[in-house]
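Asker: sharing a model prediction with you, sequence too.
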Amino acid sequence: MSHMTSSPQTQGDVVRWIPVSEQLPDDYRPVLLSDGNETVTGFFLDGVFCRHDGIEVRSHTWITTHWMPLPAAPASAMAQAGDGK
């Protein structure tokens with residue numbers, strides 16, 4: 001498995017689940033992780049998938065098979081953040 005970085009893979013305007021056999025996310029990039037049954041938020045770091053709290057998500061019961069970039073924040077939330085509200 002090679003570590004390729006590029007833009008998220010899309011189907012039209014919809015971001016799709018990316019198999020880890022095809023591509024891995026950039027280090028520290030927040031993503032959704034799936035084992036095919038459950039989904040958690042997390043990130044990839046030094047060859048390891050971690051939950052959002054930094055705990056590794058590989059065990060005998062969980063093997064990450066797919067990942068997906070998090071969607072962008074709603075425009076209204078981004079505007080409020082820029083206003084300091």
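Answerer: On my side now, so go ahead.

Asker: identify the residue nearest the geometric centre of this structure.
Answerer: Taking CA atoms, centre = their mean, the centroid of the chain lies closest to Val31, which sits 1.7 Å from it.

Asker: which residues does that residue contact?
Answerer: Residues in contact with Val31 (CB atoms under 8 Å, 6 or more residues apart in numbering) are Pro25, Thr41, Gly42, Phe43, Phe44, Trp67, Met68, Pro69, Leu70. (Each C-beta comes from the backbone N, C-alpha and C, glycine too.)

Asker: mind doing that once more with 6 Å?
Answerer: Listed by CB atoms under 6 Å, 6 or more residues apart in numbering, the contact partners of Val31 are Pro25, Trp67, Pro69.

Asker: okay, the residues you listed in TSV with pLDDT next?
Answerer: Below are these laid out as TSV (pLDDT from 0 to 100):
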residue	pLDDT
Pro25	95
Trp67	96
Pro69	93
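
Asker: gap between the residue nearest to the centre of the chain and Ser76?
Answerer: Separation of Val31 from Ser76 (CB to CB, to the nearest Å): 23 Å.

Asker: in this protein, which spans are helices?
Answerer: Ranges of helices in the chain, per DSSP state H, are 75-83.
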